[in-house]
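[1] Got a predicted model here, sequence first, then my questions.
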Amino acid sequence: MTEQSSGDRRSTPSKRLDDNRYARLKEETMAPYRGLRKFVYFAFAASGLIGAFIFLTQILAGRDVEAALPNLGLQIGIVALMVWLFRQEGRTRKK
């Protein structure tokens, strides 16, 4: 009688997880903090774009081109890296 009553308790609708919630929880356990990582990638890419814009305008104005050119390259590299990492997150989610 104990087995049956405990089995009945587990099968009640309030105790079971619906399929959508279970899928989200399973996805979160497979890749924790995915949303936070995507936000960080976006924030760093935005920062890189702002920096690239500033250094590009500095180069176009002809001010300290020798120092601004490597910095522009670095900012473009940061943006490219963040775009690549963001895409990798999307690809791993599909798998």
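    Now that the structure is in, tell me what you want to look at.
[2] roughly how far is the strand or helix carrying residue 47 from the heart of the chain?
    Element membership for residue 47, per DSSP states H and E: helix 34-61. Relative to the chain's own centre, helix 34-61 is displaced by 15 Å; criterion: Cα atoms, centre = their mean, to the nearest Å.
[3] Taking helix 34-61 as reference, get the angle to whichever helix or strand comes after it.
    Sequence-wise, the next helix or strand downstream of helix 34-61 (DSSP H and E) is helix 65-94. Here helix 65-94 points in a direction 160 degrees away from that of helix 34-61 (axes from the mean of the first three to the mean of the last three Cα atoms, to 10 degrees).
[4] Flag every buried residue along helix 65-94.
    Buried positions in helix 65-94, judged by neighbour count with 16 or more other Cβ atoms under 10 Å: 68, 71-72, 75-76, 78-79, 82, 86. C-beta here means a position set from N, CA and C on the backbone, and glycine is covered the same way.
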